[in-house]
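Enquirer: Got a sequence here, can you model it:
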Amino acid sequence: MTHGFSTTAPQQYQREFVVNSPVNGSRIDLGALNLPLHKAGMWGATMAFRYSGHTVFAPADCLIESIPESGYELKVKTGYGLKLWINLLPHPHHLMGEKCERLVKRGQKVKAGTPLMHLQPQWLKQQGFEPTGVICVRNGDKCKAVVASHLQQFVAAEDPLIHIYI
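Expert: Numbering: from 1, shown residues only. As a prediction, this is how the structure comes out:
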């Protein structure tokens, strides 16, 4: 279902950091998506999900590192240095970010739960794309453990998605 996640919290750690879900949705098997580099761990611990709704929210207090106009993705860095990559359409390059409204800019600091972008899932579905995506913990190898929440379904900006132990 996920790649690169620990199954339990370490016995000793200094701090637990919770990453909330950026979208409404449910976890899906990473193997269901054609993403060989994600499965191989190229971008760190990766969780796949099917999303619903139109808004992507900040999963934690963070700095927007990247939010390209030509894609349906963003990269953020938390106050603890944790780097996350949220990719809402892994293969939409030819769409060039159409029908995706970015609500924040690169370099902007935002609070957890801040709306980051609006999507039009129905339009994307009409273009032949399923509402699936991934969230990657790009530098989770620097943590004691990266543990996926036990939840199978989640509410954006409310439910924990990932527990990071430093």
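Enquirer: C-alpha only now, for contacts and for neighbours.
Expert: Will do.
Enquirer: Could you list the low-confidence segments of this protein?
Expert: For the chain, the stretches with pLDDT under 70 are 1-3, 34-44, 90-93.
Enquirer: hey, where'd the helices end up in it?
Expert: 36-39, 121-126 (DSSP state H).
Enquirer: Give me the buried positions along the last one.
Expert: To tie it back to what came earlier, the one meant is helix 121-126. Within helix 121-126, the residues that qualify as buried are 121, 124, counting by 16 or more other Cα atoms under 10 Å.
Enquirer: now what about that helix, what contacts it?
Expert: The contact list for helix 121-126 (Cα atoms under 8 Å, 6 or more residues apart in numbering) reads 52-54, 99, 130-131.
Enquirer: Only whichever of those are buried, select them in PyMOL.
Expert: Buried members of the contacts of helix 121-126 can be picked out in PyMOL with the line below, counting by 16+ other Cα under 10 Å:
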select buried, resi 52+131
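Enquirer: just curious, which of the contacts of helix 121-126 is nearest to residue 28?
Expert: In terms of Cα to Cα, no member of the contacts of helix 121-126 lies closer to residue 28 than residue 131, at 11.4 Å.
Enquirer: Thought residue 50 was touching the closest one, still the case?
Expert: Yes - if you go by Cα atoms under 8 Å, residue 131 and residue 50 touch, sitting 5.6 Å apart.
Enquirer: Run the chain-centre distance for stretch 17-31.
Expert: 7 Å (Cα atoms, centre = their mean, to the nearest Å).
Enquirer: which of the residues in that stretch are buried?
Expert: Buried residues in stretch 17-31, counted by 16+ other Cα under 10 Å: 18-28, 30.
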